[in-house]
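[1] below are the sequence and a predicted model; questions follow.
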Amino acid sequence: MRVKASKRAPNTRKKAGTKVMPSRGGTARRTVMKGRKCKPAKKLAFDAFADGYLDAAIFADLPEGCDGSLDIFPGCFPQILKDCHRFQRQNRRLLDRIYNEHGYSATAAGQDFWYSRQGHAIGFAYRDLGDAGDRLQEAASEFGSVDVLPGTAPDGEEYIFIE
């Protein structure tokens, strides 16, 4: 008895949780969760939190010899926004609590996120925010520090890089 070979190539086997959907010029795999297509990624935008974060970065960690007249390299903004939005999403309850109980602003929270993640002697834990401040300080420090450096972009322009 002969076994008929599959017409499907081995690397195109359907995997669990995926659905083959037609697309331009071929097929594309899209993850299906609970019978629904995944939503496209939400475009992140600047908010008061991210503005405060950038203000603190330039104020506290601008390298010596750099007078602040340089712009931030636009290629750095997506990661900055991801970090800011992720921190806010992960700590929404604590942030809402300090906004409501202490009259704390989103701009100040963005600044303290920068100071706390960089390990400065100011930040959430130093604002008399109680347990919420301590927990936000710990959450921010888990993001790790980033560098603020002047440099030259591929187009030859001078920028500040936050990476």
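    Looks like it came in fine.
[2] every contact and neighbour count from this point should use C-alpha atoms.
    Will do.
[3] Cys66 touches Gly151, doesn't it?
    No - counting by Cα atoms under 8 Å, Cys66 sits too far from Gly151 to count as a contact (10.5 Å).
[4] can you map out the helices along the chain?
    48-61, 77-90, 92-102, 106-118, 130-141 (DSSP state H).
[5] who's in contact with stretch 107-118?
    Here stretch 107-118 makes contact (Cα atoms under 8 Å, 6 or more residues apart in numbering) with 48-57, 60, 84, 95, 121-124, 137, 140-146.
[6] ok, Asn100 - how many residues close by?
    Asn100 has 11 neighbouring residues, counting by other Cα atoms under 10 Å.
[7] tell me the spacing between it and Leu94.
    In this structure, Asn100 and Leu94 are 10 Å apart, going by Cα to Cα, to the nearest Å.
[8] and what of Pro63?
    32 Å.
[9] residue ranges in the chain under the pLDDT threshold?
    The model of the chain has pLDDT under 70 over residues 1-42.
[10] not counting residues beside it along the chain, what's closest to the residue positioned nearest the centre of it?
    Nearest to the geometric centre of the chain sits Lys82, at 1.8 Å (Cα atoms, centre = their mean). Nearest residue to Lys82, sequence neighbours excluded (Cα to Cα, 6 or more residues apart in numbering): Leu44, at 7.3 Å.
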